[in-house]
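In: Okay, here's the prediction I keep looking at, along with the sequence it came from:
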Amino acid sequence: MSFGLAPVTASFLTDADFRSILYIISFGLFIYGLSGLTGPKTAVRGNRIAAVGMAIAIVATLLVPDVNNIVLIILGVAIGTAVGVPAARRVKMTQMPQMVALFNGVGGGAVALIAWVEFRDSDGFADRPTYVAIFSVFAAIVGSVSFWGSNIAFGKLQELIDGGSKVIGSAQIQTLINVALGAIAVACGTAIVAGSHSEILMIGVLVSAGLLGIFLVLPIGGADMPVVISLLNAFTGLSAAATGVALNNTALIVAGMIVGASGTLLTQQMAIAMNRSITSVIAGGFGGTIEAAAGATSASGGTVRSTSAADVAIQMAYARLVVVVPGYGMAVSQAQHAVREMAKLLEAKGVEVKYAIHPVAGRMPGHMNVLLAEADVPYEQLREMDDINGEFGRTDVALVIGANDVTNPDARNKPDSPIYGMPILNVDESASVIVLKRSMSSGYAGIDNPLFVNPKTSMLFGDAKGSVADITEELKAL
């Protein structure tokens, strides 16, 4: 005798109010998890909490009565998990920006495909309200831009594509091409919303928007890549929210708006930190991988002074304040653990150690923070640019590890420099500057750095991890 329990249970699980409760729980977990990302100590827990929220949202969506192809959906989740989890575990910290760009692009591509499927299933939105067509077309355009743009960003970061600025013809021609592609996508989308059911139009939307994404990111140089990744992330969030409106899926709306809003704010903050408008970044700015000529002199006419690990160790051992300035060079050599060991020795000798973090150091937002947190550097020792710049005047030694463009005084002093006006870390105000680099090659902006020939500066050439390890051994001997 069943007493009717099974039918009641099934009815309860598929009830709209029950699904709404699950969605509310998932939203709360999204927001609580996001709040945990404000600091490295709570970031891992925040990610896990948000992941639980997403799992609940997926379950709630699967409980919708008219959801079909459950087996295919579960298969897709299983394949995604099988690919995503090992990839995330095995990725090196130096490759994290590439993974962020790639995962973000997958989200945009999924949204674009959903819009296309919705178009086909509804006979060109013939049996859908007008707002569904509008939001679906918007999702198709923005999702395609995000997918293909993110793939180009991935290619640049992975060095499959030249990381420099690639412009077709001239900047003016490139702009005209972009405008034309955008106009084609909007025109095709407008025709669909107006009632046309031709699938050629939807394909036109996807193709033109995809090309627009490619041509938007190709001209953008490597120095602007953190801003680009953040902007594309915001695009993916907005397109997901639009898809949520079209599908009447509350989880997509809320999650998409959270990603879109946070990505937009982060993009704006990073652009401000570089003293550049988002428009100028999209238009294609500085940033190439142009190699400067190696040798004893710089294009600025000064002389480069080399030093040794022993001399650097002596300088730092007798300093009162040492400020470490990490950059992409530290990420490439995976020197963060060696830096932490060196800092512990200095602190044992009574030296105060701080870390100067520029907002766009590295290849993605927060890149240096993530690396240093991995090495268990105390969070209170990390100083943002606005906080640390006032302390360089009392700094005895500034140790620059592969940070090039974010320490370049030309940003303050040379009006015709491509990076003029970009706020930098004022390491040249320190009593002494030690720069760890493999060679005299330029940074992603492709320009010389006069800091390297400053009379206060000494260069310690070699792999950053090896150089820091050598300094550490010399400190142990003192």
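Out: Everything's here; your move. Note that the structure is predicted; figures quoted are calculated from it, not measured. Numbers count the residues shown, from 1 in each chain.

In: Please count neighbours and contacts with C-alpha atoms only from this point.
Out: Will do.

In: Residue ranges in the stretch 251-400 of the chain under the pLDDT threshold?
Out: 273-276, 280-302 (pLDDT under 70).

In: show me where it has helices.
Out: 278-282, 309-317, 328-333, 336-348, 367-374, 385-388 (DSSP state H, counting those that start in this stretch).

In: In the chain, spot the helix with the most residues.
Out: helix 130-157 (DSSP state H).

In: Dump the helices of the stretch 251-400 of the chain into TSV; add distance to Leu34 as well.
Out: Shown next, in TSV, are the helices of the stretch 251-400 of the chain (distance: least, C-alpha to C-alpha, whole Å):
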stretch	distance to Leu34
helix 278-282	24
helix 309-317	39
helix 328-333	25
helix 336-348	26
helix 367-374	16
helix 385-388	24
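
In: Output those helices as a markdown table; include the columns mean neighbour count and distance to Val100.
Out: Shown next, in a markdown table, are the helices of the stretch 251-400 of the chain (neighbours: other C-alpha atoms under 10 Å; distance: least, C-alpha to C-alpha, whole Å):
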| stretch | mean neighbour count | distance to Val100 |
| --- | --- | --- |
| helix 278-282 | 16 | 19 |
| helix 309-317 | 19 | 36 |
| helix 328-333 | 21 | 16 |
| helix 336-348 | 19 | 20 |
| helix 367-374 | 20 | 11 |
| helix 385-388 | 16 | 24 |
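
In: of these, which approaches Ile357 most closely?
Out: For Ile357, the closest of these is helix 385-388, at 5.8 Å, according to C-alpha to C-alpha.

In: ok, and what's touching the closest one?
Out: Ala356, Ile357, His358, Pro359, Ile424, Leu425 (C-alpha atoms under 8 Å, 6 or more residues apart in numbering).

In: To Ala240, which of the helices of the stretch 251-400 of the chain lies closest?
Out: Ala240 lies closest to helix 278-282 among those, at 21.6 Å (C-alpha to C-alpha).

In: Okay, the residue nearest to the spatial centre of the chain and Val186: tell me how far apart.
Out: Nearest to the geometric centre of the chain sits Met364, at 3.5 Å (C-alpha atoms, centre = their mean). As judged by C-alpha to C-alpha, to the nearest Å, Met364 and Val186 stand 31 Å apart.

In: sorry, back to before: among the contacts of helix 385-388, find me the one that's closest to Ala373.
Out: Ile357 (12.5 Å).

In: From the contacts of helix 385-388, which land in strands?
Out: Ala356, Ile357 (DSSP state E).

In: I'd like the contacts of helix 385-388 written out as TSV, with distance to Thr472 and neighbour count added.
Out: Listed next are the contacts of helix 385-388 as TSV, based on distance: C-alpha to C-alpha, whole Å; neighbours: other C-alpha atoms under 10 Å:
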residue	distance to Thr472	neighbour count
Ala356	20	28
Ile357	22	24
His358	25	29
Pro359	28	25
Ile424	28	24
Leu425	25	23
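
In: Out of the contacts of helix 385-388, which is nearest to Ile114?
Out: Nearest to Ile114 among those is Pro359, at 35.1 Å by C-alpha to C-alpha.

In: Please look at the closest one and Met270 and confirm they touch.
Out: Yes - Pro359 lies in contact with Met270 (C-alpha atoms under 8 Å); the separation is 6.4 Å.

In: got a list of contacts for stretch 22-41?
Out: Contacts for stretch 22-41 (C-alpha under 8 Å, 6+ apart): 42-54, 56-57, 60, 250-251, 254-255, 369-370, 373, 379.

In: Now do it, average pLDDT.
Out: Stretch 22-41 carries an average pLDDT of 84.

In: Buried residues, it. List them.
Out: Neighbour counts using 16 or more other C-alpha atoms under 10 Å place 22-27, 29-34, 36, 40 of stretch 22-41 among the buried residues.

In: Between those, which sits nearest Ser467?
Out: Closest approach between the buried residues of stretch 22-41 and Ser467, by C-alpha to C-alpha: Pro40, at 26.8 Å.

In: circling back: which one of the helices of the stretch 251-400 of the chain lies nearest to Phe215?
Out: Closest to Phe215 of the helices of the stretch 251-400 of the chain is helix 278-282 (C-alpha to C-alpha; 9.9 Å).

In: Tell me the buried residues in the helix or strand containing Lys41?
Out: Applying DSSP states H and E as the criterion places Lys41 in helix 40-62. If you call a residue buried by 16+ other C-alpha under 10 Å, then helix 40-62 has these buried ones: 40, 43, 46-47, 49-54, 56-58, 60-62.

In: Check which element follows that helix along the chain.
Out: Following helix 40-62 in sequence order, the next helix or strand is helix 70-90 (DSSP H and E).

In: next helix or strand past that next one?
Out: Using DSSP H and E, the helix or strand that follows helix 70-90 towards the C-terminus is helix 96-121.

In: That following helix to helix 367-374, inter-axis angle?
Out: Helix 96-121 runs at 120 degrees relative to helix 367-374, counting by axes from the mean of the first three to the mean of the last three C-alpha atoms, to 10 degrees.

In: Can you tell me which helices and strands helix 96-121 packs against?
Out: helix 130-157, helix 199-217, helix 225-247 (3 or more C-alpha pairs under 8 Å, 6 or more residues apart in numbering; DSSP states H and E).
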